[in-house]
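Asks: Quick one: sequence plus predicted model below, questions after.
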Amino acid sequence: MTSEVISPSKPDMQKEAKKMEAQLEKQVETVSPLYHVRRGFIVFLKYFSLVFITFWILLPLVSCVWTAAKTDAEYKTGNVMAMPHNWFNFANYAEAFKLSNMAVAFRNSFIVLVCVCFMTTIIGTQLAYVLSRFQFPGNALIRGAFMIAALLPGIAMQVAVYKIMGSLHMINSLWGYIIMSMGTDVISIYIFIQYFENLPISLDEAAMIDGASYFTIYGRILLPLLKPAIVTALILKGVGIYNEYYAANLYLQDKQKLGTVAISLYAFTGPQGSKYNLICAGVIVTLLPALILFLIFQKQIYNGVAAGAVKE
């Protein structure tokens, strides 16, 4: 005997689907009061937390803008969160730029930022290339040493670093500060190593068959593929160098000639008190270059961070 498989017809399938939808609607109606209340509470909590966090993030910036537009009399006599009488009071910005010698500070910060980021990228990518592509005695030891160095607080090593800088006559020297800051960032090294390990070794082998040297493989083949990782490392290093105050204040002792942006903001503090309206104006001025660069290169930054953070 032969058994025939009877396939359900299209009307039967539609009836079955309608029956299942009716059952689901009945179940939703049964639990609808509690379900809708719980779901509504979750949605409310989500949007409330977003608004709350956004408010506290923007509050210091808004307060800084308000304070920067106030005169000395307005700031001393009025409330901190009170709005200024004249929103277009740019006298504080001009005075802050002039008194803090911010033109020289921007020049020094630009020199330090470009030199440090460039050399850190070169040193970090070369070191990551060697550690990821070559297996030799001491490879694991070097990686472990970098891991231990990442766990040590930087402030604890300043005594030894200061003595070394003093013996090399690099204190109160912009180039000495640049050389000290070029110390390879451990986080950047691990970012480069992780990205190198995602690149197939067949690229190196094919290039070596064609007669390419190790420097050619590194410079012409692998380095252009590291663009996302380089963008990520540059953001981390650049923000740290631009905002660095402790090391810059310690090693750049001539504040008028060698001061950076972070140091220039402390020109309005002293034993007689602090001029917060000028400080806030200076803060906004220092934010403008970073904001302009971000608006110009935001597409490259987003693409680089997203690609550099994913390990395939």
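Replies: Looks like it arrived, so ask away. From a predicted model like this one, the values you see are computed outputs, not experimental measurements. Numbering: from 1, shown residues only.

Asks: Going by C-alpha atoms from here, please, whenever you check contacts or count neighbours.
Replies: Noted.

Asks: where along the chain do the strands fall?
Replies: Here the chain has no strands by DSSP state E.

Asks: longest helix anywhere in it?
Replies: Ranked by residue count and defined by DSSP state H, the top helix of the chain is helix 10-68.

Asks: can you give me the offset of that helix from its chain's centre?
Replies: The chain centroid and the centroid of helix 10-68 are separated by 32 Å under CA atoms, centre = their mean, to the nearest Å.

Asks: Ok, stretch 211-226 next?
Replies: Relative to the chain's own centre, stretch 211-226 is displaced by 27 Å; criterion: CA atoms, centre = their mean.

Asks: what comes into contact with it?
Replies: Stretch 211-226 is contacted from outside by 125, 126, 129, 192, 195, 196, 203, 204, 207, 208, using CA atoms under 8 Å, 6 or more residues apart in numbering.

Asks: Farthest pair within the residues you listed?
Replies: Maximum pairwise distance in these, criterion CA to CA, is 21.7 Å, between 192 and 208.

Asks: Comparing these two, which residue is more hemmed in?
Replies: Between residue 192 and residue 208, counted using other CA atoms under 10 Å, residue 192 has the larger neighbour count: 27 against 14.

Asks: That one: what's it in contact with?
Replies: For residue 192, the contact set (CA under 8 Å, 6+ apart) comprises 124, 125, 128, 129, 226, 229, 230.

Asks: where does the stretch 201-312 of the chain dip in pLDDT?
Replies: Applying pLDDT under 70 to the stretch 201-312 of the chain picks out residues 270-273, 300-312.

Asks: Going by neighbour count, list what's buried in stretch 119-131.
Replies: By 16 or more other CA atoms under 10 Å, the buried positions in stretch 119-131 come out as 119, 120, 121, 123, 124, 125, 126, 128, 129, 130, 131.

Asks: Touching, the fifth one and residue 188? I think so.
Replies: By that I understand residue 124. Yes - the pair formed by residue 124 and residue 188 meets the contact definition of CA atoms under 8 Å, at 6.7 Å.

Asks: Packing partners of the longest helix of the chain?
Replies: Packed against helix 10-68, as judged by 3 or more CA pairs under 8 Å, 6 or more residues apart in numbering; DSSP states H and E, are the following elements: helix 276-308.

Asks: give me the number of residues near residue 234?
Replies: Residue neighbour count, defined by other CA under 10 Å, stands at 20 for residue 234.

Asks: For residue 149, see how far away it is.
Replies: Here residue 234 is placed at a distance of 20 Å from residue 149 (CA to CA, to the nearest Å).

Asks: now residue 52
Replies: Distance from residue 52 to residue 149, by CA to CA: 38 Å.

Asks: what's the answer for residue 157, then?
Replies: Distance of residue 157 to residue 149, computed by CA to CA: 10 Å.

Asks: Out of the buried residues of stretch 119-131, which is nearest to residue 47?
Replies: Of all the buried residues of stretch 119-131, residue 47 sits closest to residue 121, with 40.3 Å by CA to CA.

Asks: Quick check: nearest residue in space to that closest one, chain neighbours excluded?
Replies: Using CA to CA, 6 or more residues apart in numbering and skipping the chain neighbours, the partner closest in space to residue 121 is residue 230 (7.0 Å).

Asks: And the pLDDT at residue 45?
Replies: For residue 45, the pLDDT comes out at 91.

Asks: neighbours of it, just the number please.
Replies: 12.

Asks: if we can go back for a sec, format the contacts of stretch 211-226 as TSV; extra columns: distance to residue 142.
Replies: Compiled in TSV, the contacts of stretch 211-226 are given as follows (distance: CA to CA, whole Å):
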residue	distance to residue 142
125	15
126	14
129	13
192	15
195	18
196	17
203	25
204	23
207	27
208	26
